[in-house]
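[1] return atomic coordinates for the entry below.
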Amino acid sequence: MGYIKGYDSETLREQVDQIECAQRLIEIEEQRSLPALLERVWLLKVLGQLDEALALSDESVRVARMAGTRKDVLRSRVLHATILQYRRAHAAAEQELATCATEAEGQGWVGIAAFAHQHQGRNAFEAGDFELAKESFKQALFLRREAGASDAELEGILLSIEAVERRRSAQLIPG
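    Sure, this is the predicted structure:
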């Protein structure tokens, strides 16, 4: 999505233009296609409307199961897990993301697996599990490289790994 302007170095969450996101949400409010539902969920999430995002995310998973492909279901579930993460339900998000990553890797869907691992890393980072965060980001990096991602596409993951290292180092310094 072109609305991401960067990532916060402390939280690793997306930085967006709130006004632009709110306008886009209004534009697609009545659309019922799965891509529109997923975009609405993401917009609600980054706008901080987490109750609405969770309800719509549940609906998007149901729609994907009824009318989508297995890839659609996995994408919907990963997005659903990010809502759980934002709601600080880190254990539930971790379980969902791990399951999605494993299934995607088992199917050979490198892009979806990398997407799940990257979000698993962000969730672990927020939860303070820096070992899992680093492991997840490294797996996402490996998969994205395997898929032929450009250096620009890899930059966000590399910055995430650096953020984990900084946070781990800060924990080790007494005082």
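[2] in contact with Glu29, which residues?
    When contacts are counted by C-beta atoms under 8 Å, 6 or more residues apart in numbering, Glu29 touches Arg40. For glycine as for every other residue, the C-beta is placed from the backbone atoms N, C-alpha and C.
[3] what secondary structure does Lys5 sit in?
    Per DSSP: H, G, I helix; E, B strand; the rest coil, the secondary structure class of Lys5 is strand.
[4] I'd assumed Val16 was in contact with it.
    Yes: proximity of Lys5 to Val16 meets the contact threshold set by C-beta atoms under 8 Å, at 6.1 Å.
[5] neighbour-wise, which of the two wins?
    Val16 (19 against 10; other C-beta atoms under 10 Å).
[6] per-residue pLDDT, that one?
    Val16 carries a pLDDT value of 96.
[7] report the beta-bridge partner residues of it.
    Beta-bridge partners recorded for Val16 (DSSP bridges): Ile4.
[8] could you check how far it is from Ala67?
    Val16 sits 29 Å away from Ala67, going by C-beta to C-beta, to the nearest Å.
[9] now Glu146
    The gap separating Glu146 from Ala67 is 30 Å, by C-beta to C-beta.
[10] repeat that for Ala170.
    Between Ala170 and Ala67 the distance, using C-beta to C-beta, works out to 47 Å.
[11] same question for the worst-scoring helix or strand of the chain on mean pLDDT: list its buried residues.
    For the chain, counting by mean pLDDT, DSSP states H and E, strand 4-7 ranks last in confidence among helices and strands (a mean of 88). Of all the residues in strand 4-7, those buried under the rule 16 or more other C-beta atoms under 10 Å are Tyr7.
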